[in-house]
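Asker: Return atomic coordinates for the entry below.
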Amino acid sequence: MAALRYFWKYDARTLPLGIDSLLSNLCATDESRANAQVSNESLSMDVISLRKKSGAAIVTVSKYVPNLLVSWLDQLSERARQLLSTDSLLDPSRMHIFEFLSCVASAVDNAANRASFIGNVMASSLETLRRNDVTEALSSVQNIMHFLGISQSASEQESVINKDHVSAVTRRFAEVYSAFNQLLAVGRRCHEASIRRPSGGIPFQNLTNSSKRNWQNSRFPDEGPVSLNDLSQDNPFVPLWPQFFPSLLQAIAVTLELWHPEIQFQLLQHPLQRYVYAISDDEVFIFTKQDNLSTGGVFGKGGTAGNVVKGCDRRSMNLVPRWSGWLNELRNVSFQLLGLAATQRVLYSADMSHLYPHLVGIVCNQKNLMSMEGRHMAQFL
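Answerer: Next comes the predicted model:
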């Protein structure tokens with residue numbers, strides 16, 4: 001249905017029906033189990049594929065014709081809230097709903113209304129990062145290891161295969177990672193929309209309307225610091241940065257500190273905790289799909305990367321093969337958010353200057369830099 005966006009651009013009479021159909025597909029179930037209570041794990045691959053493709057399609061359509069959808073923004077928001085409250089919704093589908101709403105919001109004319117709407121959309125993600133248990137988990141290496149179930153395995157090795165414990169830890173990590181990932185996805189969509197505005201995403205300062213059209217004869221608008229308020233005129237995501245940037249810095253700090261020599265010395269001696277530093281199955285899968293990178297080394301044929309624990313993988317009810325993948329995901333999303341802050345020029349705003357000492361103390365910390373592996377450095381750069 002994504003291809004219908006070219007038709008809807010000129011005739012939008014069936015657009016509401018198409019959007020409603022795509023939204024309904026996000027909670028599609030197998031016909032044979034329509035009246036049964038089934039978990040996401042029991043869905044067929046066809047249904048999962050339908051949900052994911054419908055989510056991708058609704059984002060594609062909203063990027064192409066947001067101006068045609070903005071008049072139904074209130075109804076779409078209410079429908080999205082209903083879907084997000086559904087337990088059967090897959091995580092990728094949740095992400096697609098957030099991206100869909102942010103794309104539609106980009107067509108709102110009033111900058112304050114755009115920012116307010118995006119703030120409401122991301123309220124649940126921001127609230128997750130403000131929770132006491134999350135704040136405490138990101139405050140130190142010891143706390144993040146307890147949060148991920150690493151510390152408990154030192155005295156109770158059976159805890160890594162305890163079904164209830166594994167489910168609880170997995171749910172806790174998923175909430176934190178999803179919050180960061182949702183912010184990243186919406187932030188990117190808002191940035192893409194901002195650079196399509198007449199100013200190209202760069203707010204004009206001290207310029208008249210005529211000089212905006214003939215900026216070559218005026219002061220270049222990118223000179224000097226720009227306030228968050230000015231940046232938010234084009235990008236409605238900008239006002240959210242001060243609300244979660246401290247949590248982002250803490251996530252980067254504890255992830256990097258986990259690789260410090262004294263922490264490695266402690267964990268590598270344990271038969272289970274040492275797998276924190278393994279190369280995850282997900283990383284191996286990605287590298288093996290890149291022919292130019294999979295011809296040798298640990299990723300090559302006969303290499304030691306992947307299959308972290310013999311006989312099980314990350315989908316098994318076992319924490320050990322999950323740790324390395326979780327830390328890789330947390331590191332990736334944190335670095336990408338930091339890069340997005342720079343791209344959106346938020347990092348250089350005077351309104352964020354009070355966070356500079358903390359930021360520099362993390363990203364320029366010599367011990368952090370020396371403890372990184374090569375794969376981490378590539379992500380960092």
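Asker: I figured residue 249 hits residue 361, correct?
Answerer: No - distance between residue 249 and residue 361: 9.0 Å, which falls outside the contact criterion (CB atoms under 8 Å). Placement of C-beta: from N, CA and C, glycine included.
Asker: okay, the two: which has more neighbours?
Answerer: residue 249 (19 against 12; other CB atoms under 10 Å).
Asker: What about the residue lying closest to that one once chain neighbours are set aside, how many residues nearby?
Answerer: Spatial nearest neighbour of residue 249, excluding adjacent residues (CB to CB, 6 or more residues apart in numbering): residue 358 at 5.5 Å. A count of neighbours around residue 358, defined by other CB under 10 Å, yields 14.
Asker: before we move on, what about the one 5 residues further on?
Answerer: For residue 363, the count of nearby residues is 16 (other CB under 10 Å).
Asker: Identify the residues contacting it.
Answerer: 252, 338, 380 (CB atoms under 8 Å, 6 or more residues apart in numbering).
Asker: could you give the mean pLDDT of the strand or helix carrying the first one?
Answerer: Element membership for residue 252 (DSSP states H and E) is helix 241-257. Taken as a whole, helix 241-257 has a mean pLDDT of 95.
Asker: tilt between the following helix or strand past it and helix 241-257?
Answerer: Following helix 241-257 in sequence order, the next helix or strand is helix 261-268 (DSSP H and E). Interaxial angle, helix 261-268 versus helix 241-257 (axes from the mean of the first three to the mean of the last three CA atoms, to 10 degrees): 70 degrees.
Asker: what comes into contact with helix 261-268?
Answerer: Contact with helix 261-268 is made by 141, 150, 257, 273, 274, 276, 277, 371, as judged by CB under 8 Å, 6+ apart.
Asker: Distance-wise, check residue 60 relative to residue 95.
Answerer: Here the criterion is CB to CB, to the nearest Å. By it, residue 60 lies 14 Å from residue 95.
Asker: Compute the number of surrounding residues for residue 341.
Answerer: 20.
Asker: Residue 348 is in contact with that one, correct?
Answerer: No - counting by CB under 8 Å, residue 341 does not reach residue 348; the two are 9.1 Å apart.
Asker: Can you name the residues that contact the residue lying closest to residue 141 once chain neighbours are set aside?
Answerer: Excluding the flanking residues, the one nearest residue 141 by CB to CB, 6+ apart is residue 257, at 5.0 Å. Taking CB under 8 Å, 6+ apart, we find residue 257 in contact with 141, 263, 368.
Asker: which stretches of the stretch 151-300 of the chain form strands?
Answerer: With DSSP state E, counting those that start in this stretch as the criterion, the stretch 151-300 of the chain has no strands.
Asker: Name the spans of it whose pLDDT lies under the cut-off.
Answerer: For the stretch 151-300 of the chain, applying pLDDT under 70 flags the ranges 198-225, 281-300.
Asker: just the helices in it please.
Answerer: In the stretch 151-300 of the chain, the helices defined using DSSP state H, counting those that start in this stretch lie at 152-155, 163-194, 209-213, 228-231, 241-257, 261-268, 281-288.
Asker: Considering the contacts of residue 363, which is situated nearest to residue 166?
Answerer: residue 252 (26.2 Å; CB to CB).
Asker: Give me the nearest residue to the closest one, chain neighbours excluded.
Answerer: Nearest non-adjacent residue to residue 252, counting by CB to CB, 6+ apart: residue 334, 4.7 Å away.
Asker: where does that neighbour land on pLDDT?
Answerer: At residue 334, pLDDT is 94.
Asker: picking that back up, just say which of the helices of the stretch 151-300 of the chain is most tucked in.
Answerer: For the helices of the stretch 151-300 of the chain, the largest average neighbour count (mean count of other CB atoms under 10 Å) is found in helix 241-257, namely a mean of 20.
Asker: for that one, the distance to its chain's centre please.
Answerer: Centre-to-centre, helix 241-257 and its host chain are 14 Å apart (CA atoms, centre = their mean, to the nearest Å).
Asker: Between helix 163-194 and that helix, find me the angle.
Answerer: 130 degrees.
Asker: mind listing what's buried in stretch 114-122?
Answerer: Using 16 or more other CB atoms under 10 Å as the test for burial, stretch 114-122 gives 114, 115, 117, 118, 121, 122.
Asker: Let me know the average pLDDT across that stretch.
Answerer: Stretch 114-122 comes out at a mean pLDDT of 88.
Asker: next one: stretch 23-36
Answerer: pLDDT averaged over stretch 23-36 gives 71.
Asker: Equivalent analysis for stretch 349-369, please.
Answerer: 91.
Asker: Could you list the buried residues of it?
Answerer: So stretch 349-369, judged by 16+ other CB under 10 Å, has buried residues 349, 351, 352, 355, 359, 362, 363, 368.
Asker: ok, which pair from those residues is furthest apart?
Answerer: Farthest pair in the buried residues of stretch 349-369, by CB to CB: 351 and 368, 25.8 Å.
Asker: quick one on the thing from earlier: touching, the residue nearest to residue 252 and residue 254? I think so.
Answerer: No - using CB under 8 Å as the test, residue 334 is too far from residue 254 to be in contact (9.9 Å).
Asker: Next one: residue 53 from residue 87, what distance?
Answerer: Look at residue 53 and residue 87: by CB to CB, they are 22 Å apart.
Asker: And these two? Which one has more around it.
Answerer: Remark: of residue 53 and residue 87, residue 53 carries more neighbours, 14 against 6, as counted by other CB under 10 Å.
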